[in-house]
Structures are given as C-alpha cells and as structure tokens.
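> Just the structure for this:
(chains A and B)
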Amino acid sequence: MPDLPELNPVIHGKLRLALLSLLSGVEEAEFTWLRGRTGSTDGNLGAQLLRLEEAGYIAVEKKFVQRKPQTLYRMTEAGRRALTQYVHALKQLLGGAIGA
Amino acid sequence: MDVNAEEQDLRDRLKLIESMMAEGRRSTESWGWVFILWGVAYYIAIAWSTWSFGGVLWGHDTLAWPVTMIAAFVLTIVLVKRRHGNGNHPQTTVGRALSAIWMAMGISMFVLLLSLGLSGRGGQQASIAVVAAMLGTANAASSMILKWKAQLACAIVWWAAAVASCFASVTQSTIVFTVAIFFCQIVFGAYGMMAEARERQQDARHA
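Below is the predicted model of the structure:
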C-alpha cells in the first residue's frame, strides 16, 4: 500500500483554504473583498489571515487610499506551492486510498 | 468520521478550491456593458457628424467624435469606479493585461480622432478604416488572452469593415461601420452580459 500524503494543517481549515484559493486567482485583494466572498466575520477573517501570514503563505500591505486605510493581501510563492501540494495530496487521497 | 464522510469532506474541499478560484477570476469579467456603452457612443458620434442635429445647436460637426469619445471615456471611468466600489476590487494579471490593451487603444483612437477632427483632414473612409482596424486589433488581442472565439469573430468583423471601408464610398463605409458596431458592440456586449449573468446564476446554485 503506498504512503498516504499528509494534508497541510495550516491550509486544511476551510476558511484558510477558501482564502488561499481566492488569492490564487488574483494578484492582490482587499480585506473587505475577501470578507464579502467568504461571508466571514471581521474577527475570524483577521485571525485566519494572520495564521496564513505567519506561515509565510500570504503577504500583507497596508496603505492609505484617499485617506482611508486599505489592507491588501497577496499570495506568496510559498503559499502557491503549499496550495498546489495540498491539491495534489487531496487528489491522491481521493484517487483510491480512501476508497480502498 | 467514517470513510465515506471523510471522502465526501475531501471532495467538498476540492469543490471549495475550484469555486473560490473561479470567484476570483469571475470578478474581473464584468465588461459586457462597456461594449454597449461605447457602441451607443459611436452611434451618437456618427449621427452628430452626419446630420449635426439641426446645425444651430449642434454645429461644429468636426467636434462630434472628440466630444463624444471624451464623454464616453469619462462615463466609463465613473461607472467602473461605482461598480467596483472605490477600489474594493482585486487585481489580476489577465485583468491588467486586458485593461492595458483597451487603454492603449482608447488613447490611440482619441489622439487620432481629435487630430483628424480638429484638422478637418483625413477622409471619412480612411478614418473609419483606421478606427475599425484598431478595434479589430484590440478585440483580437483580448480574444487571444481570454481564448474567446466570439470576440475573435468580432475582430474579424472589424478587420473586414476596415478593408471594405478602404474601397467603399462614404455612404457605404458609414453603413459598414454602423453594421459592425451593431454586431461587435451592441450584440457582443449583450451576449457578454448574458454570459456573465448565467455564470453568476450557476455560481449561486453551486454555492
């Protein structure tokens, strides 16, 4: 029996997974856009984004646009690699290991 | 968690990844209305430059194109800002590439039409040919990025209009241009809007 791949626990949380997937399709996104797409609360979203940032999967940029604070999130290369590996592991698991 | 539940959970995660990636892409593809707006602007410019709307109030038909194009440009910027909610909109590489193509084409067309309009030089057929060729270029480049055959068809229509205008009379070239505008701006824009609405409905059903 082949070794089953491990699923990255940082990405495995559903909200964190949704956030990384969203960021993989865009160059950068604002906090409010991510909140709107995930339907999450500010507190929970902030906590999950912080976890992804601490893991080095996303980068944060804070700036002022027309005197209003804006927080922009961008996926890092490490984040892209981790998501690719996670999807690969998921497909491997679904490809027979679970059903066997 | 039993094996079936675990498998279902993994499948749900894959679906979540796909739907979220699609969501990011979809947010950049809401542009059908811009084609319609510019199609209407072209019609107004043609009508103004052809009939001058009575002459007294709308005289200076050499300004028809520059004024209409400036108005359409300003209106597009205002509407884009309103739709995208003051910058609360993600950037994508594809979105930036498409914006760059249309911005460059818009600036080229504006500079050219303004110069031709103010100088009074350049025949109508030549002007139409150049505008149609530029629209063909932008549509073709955009269709290659998006791999969108319907837009490539529009590019071909524009190029055909450009070629036809070189050989046609003033009246004929105007007719060719208005027909191309109808298909490539109005019909294509409406088709784009319907495709976007259909995609949104599908996403809502899958959510």
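> Per-residue pLDDT of residue B:39, please?
Here, the pLDDT recorded for residue B:39 equals 94.
> Would you confirm that it contacts residue B:183?
No. Counting by CB atoms under 8 Å, residue B:39 does not reach residue B:183; the two are 9.5 Å apart. The way it works is simple: take the backbone N, C-alpha and C, and place the C-beta from them, glycine included.
> Looking at those two, which one has more neighbours?
Neighbour count, other CB atoms under 10 Å in any protein chain shown: between residue B:39 and residue B:183, residue B:39 has more, with 23 against 15.
> Name the nearest residue to that one, ignoring sequence neighbours.
Counting by CB to CB, 6 or more residues apart in numbering or on different chains, residue B:39 lies nearest to residue B:185, which is 2.8 Å off, once chain neighbours are set aside.
> Over to residue B:192?
Nearest one to residue B:192, counting by CB to CB, 6+ apart, is residue B:32 at 2.9 Å.
> on contacts alone, who are the packing partners of the helix or strand hosting residue B:51?
Assigned by DSSP states H and E, residue B:51 falls within helix B:32-51. Helix B:32-51 is packed against helix B:64-83, helix B:170-181, helix B:188-206, with contacts defined by 3 or more CB pairs under 8 Å, 6 or more residues apart in numbering or on different chains; DSSP states H and E.
> will you turn those into CSV that also has mean pLDDT and distance to residue B:15?
CSV is the format used below for those (pLDDT from 0 to 100; distance: least, CB to CB, whole Å):
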stretch, mean pLDDT, distance to residue B:15
helix B:64-83, 84, 28
helix B:170-181, 92, 42
helix B:188-206, 76, 8
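> pretty sure the residue nearest to residue B:192 is touching residue B:198, no?
No. Residue B:32 is beyond contact range of residue B:198, at 11.4 Å (criterion: CB under 8 Å).
> So for the two, which sits in the more crowded spot?
Higher neighbour count among residue B:32 and residue B:198: residue B:32, with 18 against 10, using other CB under 10 Å.
> so what pLDDT did that one get?
pLDDT, residue B:32: 87.
> try the one 4 residues further on
pLDDT recorded at residue B:36 is 94.
> Please enumerate the strands of chain A.
With strands called from DSSP state E, chain A shows them at A:29-30, A:58-65, A:68-75.
> for the ones you listed, which one ends up most surrounded?
Across the strands of chain A, the average number of neighbours (mean count of other CB atoms under 10 Å in any protein chain shown) peaks for strand A:29-30, which reaches a mean of 23.
> what's around the residue in chain A that chain B sits nearest to, how many residues?
Nearest residue of chain A to chain B (CB to the nearest CB) works out as residue A:25 at 2.6 Å. Other residues within reach of residue A:25, judged by other CB under 10 Å, total 20.
> Confirm for me that it is in contact with residue B:22.
Yes. At 7.4 Å, residue A:25 counts as touching residue B:22 under the criterion of CB under 8 Å.
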